[in-house]
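**Student:** Here's my sequence, what's the structure:
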Amino acid sequence: MRVQNLVSVLLSGALVASLLVSVRPTPAPPAVPAAADPPLAVSVAESAPDLSSLQDDIGSVLVVSWRGTSIPPAVRTMLEDGHVGGVLLFASNFNGPAGLRTLTDSLRALAPSACLDHPILVMLDQEGGQVVRVNADFAPPSALAFGAGGADHVRAVERESAAGLRQLGVGLNLAPVADVRTNPRDQVILDRSFGSSPAAVAPLVAAAVQGLHDGGVGATLKHFPGLGGAAGDPHVAIPTDPESEALWERVQKPAFQAGIAAGADAVMTTALYVPGLGGGSTPAMFSAAVVSRLRTQLGFEGVIMSDSVSMPGVGNRYRLPEATILALAAGNDMVLLASDPADEAEAMAAVNAAVLSGRLDRMKLHESAMRVNKLRDKWGRRFTHCRPIKTA
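**Tutor:** Residues are numbered from 1 along each chain as shown. Next up, the predicted model:
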């Protein structure tokens with residue numbers, strides 16, 4: 001079977017050894033390159049993909065990362081043979097804006113060479129302030145700082161940021177932060193939030209989504225169901241928010257609702273215990289009771305993605321393959337692996353086995369892949385297909 005052959009190649013010792021070298025680039029301020037292509041207005045493949053192509057669907061719902069400034073052979077294999085649909089980049093993956101454009105050009109070129117039906121969607125976190133992956137003139141200050149200027153200012157700032165990202169080949173920004181920060185003991189949201197008032201934050205989140213779209217990139221709301229009320233940081237240990245459902249509906253829900261109404265393309269779920277929302281002792285992003293609220297209560301029809309399933313707070317409790325399966329079973333359409341490529345390949349194999357055993361529903365996986373592919377077609381960079389694309 002193709003996925004087994006792929007994983008055996010990825011897990012070979014020679015490849016794994018080459019993946020463990022981490023390169024720390026020296027920041028550089030080269031001139032911003034020429035503009036990238038505009039986003040696709042329509043899907044390149046409106047018809048449903050062949051249900052027999054399990055590997056295509058598995059690849060579509062996974063997002064890979066790596067260390068260093070060049071694409072490792074194992075990642076290239078996952079993209080070309082495993083048909084992985086998304087790449088999450090960090091500042092250590094490129095040397096300044098010019099280096100980012102060079103890298104995204106290389107990723108774009110893989111799509112036709114691998115005869116993919118959809119673009120490889122390049123994403124990163126460019127929130128502003130303390131979370132900026134691209135140090136350039138268009139990088140925003142913190143959300144708390146530029147949010148003080150009001151909704152029109154937020155939209156203008158995000159428009160400029162998005163235009164800069166699009167110019168460098170990025171299709172999806174993992175922003176804006178929709179969390180309302182109400183707990184002074186919070187250790188992760190801080191000034192990444194637009195504020196502590198739901199009435200003030202909600203319109204700013206909506207304006208941020210509109211601004212990102214104005215500039216030509218997709219927008220991702222995070223961190224559902226809301227991290228601002230919890231003490232701690234899930235990158236260290238999974239925190240608990242004891243809020244009741246009534247409190248959640250008054251405080252955290254409105255900003256997500258506003259962002260969705262503004263057209264957010266994706267919503268990121270996170271690692272947080274929310275017993276008041278039915279999550280019990282299961283992290284929110286692994287809880288179907290919590291994740292499903294995006295569909296049933298907020299009417300969201302776009303892509304639901306997990307936060308990184310390799311962050312230490314999650315990794316202390318779950319191995320990457322198990323975390324990946326749990327995220328998909330809970331209703332996430334896309335999973336951020338953000339790990340070593342050898343572990344990512346193991347996660348891919350685990351998803352394949354879970355589908356074949358019946359642990360993961362085959363049709364639901366296919367539906368998730370369809371949502372993700374629509375997102376890839378909308379915001380991914382155009383490329384020349386190696387064969388005619390089937391249309392309805």
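
**Student:** residues in contact with Glu322?
**Tutor:** Glu322 makes contacts with Ala350, as judged by CB atoms under 8 Å, 6 or more residues apart in numbering. C-beta coordinates here come from the backbone N, C-alpha and C atoms, glycine included.

**Student:** Distance check, it against Val309.
**Tutor:** Using CB to CB, to the nearest Å, Glu322 is found at 9 Å from Val309.

**Student:** Let me see the ranges of the strands in this structure.
**Tutor:** 62-64, 86-88, 121-124, 126-128, 131-132, 172-173, 218-224, 266-269, 303-306, 335-336 (DSSP state E).

**Student:** what's the closest of the ones you listed to Phe383?
**Tutor:** Comparing these against Phe383 with CB to CB, the closest turns out to be strand 121-124 (12.2 Å).

**Student:** Quick check: which helices or strands does the closest one pack against?
**Tutor:** When contacts are defined as 3 or more CB pairs under 8 Å, 6 or more residues apart in numbering; DSSP states H and E, strand 121-124 sits against strand 86-88, strand 172-173, helix 362-379.

**Student:** cutoff 6 Å now
**Tutor:** strand 86-88 (3 or more CB pairs under 6 Å, 6 or more residues apart in numbering; DSSP states H and E).

**Student:** which residues touch the strand it packs on?
**Tutor:** Val63, Ser65, Leu107, Ile120, Leu121, Val122, Met123, Leu336, Ala338 (CB atoms under 6 Å, 6 or more residues apart in numbering).

**Student:** Just among these, which is most surrounded?
**Tutor:** Leu121 (28 neighbours; other CB atoms under 10 Å).

**Student:** Contact partners for that one?
**Tutor:** Per CB under 6 Å, 6+ apart, neighbours of Leu121: Gly86, Gly171, Leu172, Arg376, Gly380.

**Student:** and the fourth one, how many neighbours?
**Tutor:** Which is Arg376. 28.

**Student:** same thing with the third one?
**Tutor:** The number of residues packed around Leu172, counting by other CB under 10 Å, is 27.

**Student:** just for the stretch 251-392 of the chain, where's the confidence low?
**Tutor:** Where the stretch 251-392 of the chain drops to pLDDT under 70, the residues are 388-392.

**Student:** ok, back up a step: nearest to Leu328, out of the contacts of Leu121: which one, please.
**Tutor:** The closest of the contacts of Leu121, once distances to Leu328 are taken by CB to CB, is Gly86, at 14.1 Å.

**Student:** and that closest one, bridged to which residues?
**Tutor:** Val63, Leu121 (DSSP bridges).

**Student:** again with Met305
**Tutor:** Met268, Met334.

**Student:** Now for Leu360: which residues touch it?
**Tutor:** So Leu360 contacts Leu328, Ala354 (CB under 6 Å, 6+ apart).

**Student:** What is the neighbour count of the nearest residue to Leu277 once chain neighbours are set aside?
**Tutor:** The shortest distance from Leu277 to any residue other than its chain neighbours is 5.3 Å, reached at Val290 (CB to CB, 6 or more residues apart in numbering). Other residues lying near Val290 total 25 when counted by other CB under 10 Å.
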